[in-house]
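K.L.:
dropping the sequence and predicted coords here.
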Amino acid sequence: AQKITQTQPGMFVQEKEAVTLDCTYDTSDPSYGLFWYKQPSSGEMIFLIYQGSYDQQNATEGRYSLNFQKARKSANLVISASQLGDSAMYFCAMRELNTGNQFYFGTGTSLTVIP
Amino acid sequence: DAEITQSPRHKITETGRQVTLACHQTWNHNNMFWYRQDLGHGLRLIHYSYGVQDTNKGEVSDGYSVSRSNTEDLPLTLESAASSQTSVYFCASSEGGGAGSNQPQHFGDGTRLSIL
């Protein structure tokens, strides 16, 4: 079974609008961390935001927030006030505490921001 | 600032040749990883290391090998390059688990490898 599932291969959003990128995960470990990365067309992987399984509040980092629904095993990334520079691939990843060191990545979502 | 450096950034080679991709990190991380990225597959783990002299196979390890003789470097070797190994390769490092489990992986800028 896939550890991380991203069901949206491609998404479009109007500039200045908000967009939600979906991520569901599969784990039996009660302790885990969820990460989102951005990969612009230049190719580098940029860490955006982290959510721990025991965190009581949804993580936020500037215009990025994480809609964490533990019972549904989902960790959707919300980007508010989209900008043209947000056009990129976005990857969701998980790290389980019992393995501790491996990261499991989804297949990514390509986001295009339309002016 | 700490960083992770991959070289070369681009390489073209022929099938059957041995190829080595370099990865050097100054984060002083024990954990290092090699991924390949192909369209529709995201990042797939090739090999990883949790410390000096430690190496482990990932989900797509056939045809690849790594060695870890110091903390900073994890070179990836393609023993006999095949066209199916044409891909973008990323090296990453991270702190250990436990207290370090909320820390992200740090990535190099990638190596684009073409095998003709």
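P.N.:
Perfect, thanks for sending it. On a predicted model such as this, the values are computed, not experimentally measured, just so you know.
K.L.:
residue ranges of the helices in chain A, please?
P.N.:
Read by DSSP state H, chain A holds no helices at all.
K.L.:
packing partners for the helix or strand of it with the lowest mean pLDDT?
P.N.:
Least confident helix or strand, chain A: strand A:104-105 with a mean of 92, by mean pLDDT, DSSP states H and E. In terms of contacts (3 or more Cβ pairs under 8 Å, 6 or more residues apart in numbering or on different chains; DSSP states H and E), strand A:104-105 is packed against strand A:88-96. Where you see a C-beta, it was placed from the backbone N, CA and C, and this is true even at glycine.
K.L.:
number of residues surrounding the nearest residue to B:Ser114 once chain neighbours are set aside?
P.N.:
With sequence-adjacent residues excluded and distances taken as Cβ to Cβ, 6 or more residues apart in numbering or on different chains, B:Ser114 is closest to B:Ile12, at 4.7 Å. Using other Cβ atoms under 10 Å in any protein chain shown, B:Ile12 has 11 neighbouring residues.
K.L.:
just checking, B:Ile12 touches B:Thr86?
P.N.:
No: counting by Cβ atoms under 8 Å, B:Ile12 sits too far from B:Thr86 to count as a contact (9.6 Å).
K.L.:
which residues do the two both contact?
P.N.:
Shared contacts of B:Ile12 and B:Thr86, defined by Cβ atoms under 8 Å, 6 or more residues apart in numbering or on different chains, are found at B:114-115.
K.L.:
which residues does B:Val63 contact?
P.N.:
Actually, residue B:63 is Gly rather than Val. B:78-80, B:82, B:85.
K.L.:
oh, that last question was meant for A:Tyr104, not what I typed.
P.N.:
Counted by Cβ under 8 Å, 6+ apart, A:Tyr104 has contacts A:3-4, A:93-96.
K.L.:
now with 7 Å, please.
P.N.:
Counting by Cβ atoms under 7 Å, 6 or more residues apart in numbering or on different chains, A:Tyr104 touches A:3-4, A:93-94.
K.L.:
and those as TSV, adding pLDDT, distance to B:Thr55 and neighbour count?
P.N.:
What follows is the contacts of A:Tyr104, written out as TSV (pLDDT from 0 to 100; distance: Cβ to Cβ, whole Å; neighbours: other Cβ atoms under 10 Å in any protein chain shown):
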residue	pLDDT	distance to B:Thr55	neighbour count
A:Lys3	91	22	17
A:Ile4	95	24	23
A:Ala93	95	22	26
A:Met94	93	23	24
